[in-house]
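> With the input below, show me the fold.
(one chain, ligands or ions: 2)
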Amino acid sequence: MIQQTLVLIKPDGLKKSLTGNILTRLSETRLDIIAAKIVTVSRKLAEKHYCHLKDKPFFEDLIKYICGEFHKKKVLAMVYYGEQAIGKVRELAGLTNPEEAESVSIRGAYGRITTGGVYENVIHTSTDEKEAEREIKLWFEPDEIIADIYPTKVVKEETKKKIWA
Ligand code: UDP
Ligand code: MG
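Ligands and ions are numbered 1, 2, ... in the order given. I've put the predicted structure just below:
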């Protein structure tokens, strides 16, 4: 089954200069990158992204973590596309807890648990098709993705936007 999945290299991954390593590992999947950008994550975006965890005791630290308060204020956001994309990337990433993740997985190799209990696991990747759709639509506009993966509609833009001077 052809799928798409959101992949984030989290602020710890960027701070530790792991981008190249992680992209190389991801290229083993032979999936296509159909969108990519560097994002400074706002609190609003972070809260929406992690809305399913809002009642967890670690939520506030998780928001600070993804916003880059502990590392660099940026993440690399990408969409990977291809046969079984979700499972393939998820398997390479490894389990959520970096100490339980296989040592050869991305999280097992590069993640850590902070003294505050947050899993700094260097990469985010969607769990299933529903989550992938919600997350991709949250992080990307249709025009930022080079494939037609979800239905779109055309609206007349009334809002101000920045253009090159
Ligand atoms: N997380 C954490 N402690 C936990 C569970 C999750 O710090 O006990 C963090 C971790 O960075 C994880 C993120 O919250 O990647 C999102 O959690 P989720 O359960 O969605 O795991 P994932 O889908 O990222 O494997
Ligand atoms: Mg998740």
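
> I'd like to know which elements the longest helix along the chain is packed against.
Ranked by residue count under DSSP state H, the longest helix found in the chain is helix 129-139. Counting contacts by 3 or more C-beta pairs under 8 Å, 6 or more residues apart in numbering; DSSP states H and E, helix 129-139 packs against strand 2-9, helix 43-49. No exception for glycine: its C-beta is placed from N, CA and C like everyone else's.

> one more time with 10 Å, if that's ok
For helix 129-139, the contact count by 3 or more C-beta pairs under 10 Å, 6 or more residues apart in numbering; DSSP states H and E identifies strand 2-9, strand 32-39, helix 43-49, strand 75-83, helix 85-93, strand 123-125 as packing neighbours.

> For these, state which one has the densest average packing.
Neighbour counts averaged per stretch over the helices and strands packed on helix 129-139 are highest for strand 123-125, at a mean of 24; criterion: mean count of other C-beta atoms under 10 Å.

> Which strands and helices lie in contact with it?
strand 2-9, helix 11-15, helix 19-27, strand 75-83, helix 85-93, helix 106-110, helix 129-139.

> Which of these sits closest to residue 44?
Among the helices and strands packed on strand 123-125, the nearest to residue 44 by C-beta to C-beta is helix 129-139 (10.4 Å).

> Just the buried positions in that closest one, please.
Neighbour-count burial for helix 129-139, counted by 16 or more other C-beta atoms under 10 Å, picks out 132-136, 139.

> before we move on, what about stretch 16-35?
For stretch 16-35, the buried set under the neighbour-count rule, 16+ other C-beta under 10 Å, comprises 16, 18, 22, 25-26, 29, 31, 34-35.

> Can you tell me how far residue 55 is from ligand 1?
To ligand 1, residue 55 is 12 Å away according to C-beta to the nearest ligand atom, to the nearest Å.

> which SSE is that residue in?
Using DSSP states H and E, no element contains residue 55; it sits outside every helix and strand.

> Residue numbers of this protein in contact with ligand 1?
Taking C-beta under 6 Å from any ligand atom as the contact definition, the chain meets ligand 1 at 53, 58, 62, 96, 118-119, 121, 124, 127.
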